[in-house]
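> Give me coordinates for this.
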Amino acid sequence: MSAALRTPSRSGGPRRIALPAVVRRWLVFGAVGTLGFVIQLTALVLLAGGLGIHYLIATAIAVELAILHNFLWHQLWTWSDRGAGGKCSVLTRLLRFNGGTVLTSVGGNLLIMGVMVDGLGLHYALANPLAVLMLGLVNFLFYDRLVFRSSRGGNAARVVAGSMLCANTRMAEAAATISAAGNECARPSSAAPPNSNAA
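Purely as a prediction, here's the structure:
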């Protein structure tokens, strides 16, 4: 999966410059994140400024709305080349995405927002964009490596695990056979010794 830019060539015609997959993915990630941030900031202003909800509570709600929005577009666009492998796998991805983002985005946003607003005296509408920028790279790496993993990697892991289990089972069976043979050899003979004094 790659994207391309058109630039003028020496002959005057357009020349295609292929972008590495990770660069393209990062650009798409940024586009989705930007739209999600607009949703997050709009919700924050409406909840905190319009409804008078405390800015930390409003931040948590706004971030959760952005999380659900971003997962949908990352699944359909950013990491569309990595199939989930079924509805259950999509649900598992959503749980990992939401749970991991709660630790990074929600926890990170609340921590950074608290420091910037209460500690530095910044307005929440200014502190929130700074918090989002700081956590963007952390989220990208987390999603790419842990959430939207290729299903082929999971299948390979299951094959390796199955092979290891099979090998361990065969080793256990062989050990049991050897142990049984050893016990059989060590068992004393029940036959009576011949009587040399018999007349």
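> Burial check on Leu27, number of neighbours?
13 (other C-beta atoms under 10 Å). For glycine as for every other residue, the C-beta is placed from the backbone atoms N, C-alpha and C.
> ok, and it, which helix or strand is that part of?
helix 21-44 (DSSP states H and E).
> Name the residues of that helix that are buried.
24-26, 28-29, 32-33, 36-37, 39-41, 43-44 (16 or more other C-beta atoms under 10 Å).
> What segments of this protein are strands?
3-8, 14-19 (DSSP state E).
> Least confident of the ones you listed, on average?
In terms of average pLDDT, strand 3-8 trails the rest of those, at a mean of 51.
> Tell me how this structure divides into domains.
Domain ranges of the chain: 14-149, 151-181, per automatic domain parsing.
> Pick out the shakiest of the ones you listed, pLDDT-wise.
That would be domain 151-181, which, of all the domains of the chain, carries the lowest mean pLDDT at a mean of 46.
> didn't Gln40 look like it was pressed against Glu64?
No: using C-beta atoms under 8 Å, Gln40 is not in contact with Glu64; the gap is 9.1 Å.
> do you know how far Trp117 is from Ala21?
Quick fix: residue 117 is Val, not Trp. Counting by C-beta to C-beta, to the nearest Å, the gap from Val117 to Ala21 is 38 Å.
> pretty sure Leu130 contacts Val115?
No: using C-beta under 8 Å, Leu130 makes no contact with Val115, being 10.3 Å away.
> and which of the buried residues of helix 21-44 is nearest Ala58?
Leu44 (5.3 Å; C-beta to C-beta).
> Quick check: closest non-adjacent residue to the closest one.
Ala62 (4.1 Å; C-beta to C-beta, 6 or more residues apart in numbering).
> Check Leu135 too.
Gly108 (4.7 Å).
> residues near that neighbour, how many?
Gly108 has 19 nearby residues by other C-beta under 10 Å.
> got the contact list for it?
By C-beta atoms under 8 Å, 6 or more residues apart in numbering, the contact list for Gly108 reads 131, 134-135, 138.
> do Trp73 as well
32, 35-36.
> Tell me the one among those nearest to Thr78.
The closest of the contacts of Trp73, once distances to Thr78 are taken by C-beta to C-beta, is Val32, at 5.9 Å.
> Identify the residues contacting that closest one.
70, 73-74, 77-78.
> Repeat the analysis, applying 10 Å as the threshold.
66, 69-74, 76-78 (C-beta atoms under 10 Å, 6 or more residues apart in numbering).
> so how far is Ala131 from Asp138?
In this structure residue 138 is Val, not Asp. For Val138 relative to Ala131 (C-beta to C-beta), the value is 11 Å.
> Find residues that contact each of Leu130 and Val115.
Leu122.
> Ser105: how many residues sit nearby?
Counted with other C-beta under 10 Å, Ser105 comes out at 25.
> Quick check: it touching Leu65?
No: the criterion here is C-beta atoms under 10 Å, and Ser105 misses it with Leu65 at 11.6 Å.
> Give the residues shared as contacts by the two.
By C-beta under 10 Å, 6+ apart, the residues touching both Ser105 and Leu65 are 36, 40.
> What ranges does the chain have for its helices?
Ranges of helices in the chain, per DSSP state H, are 21-44, 55-73, 87-101, 107-114, 124-142, 151-186.
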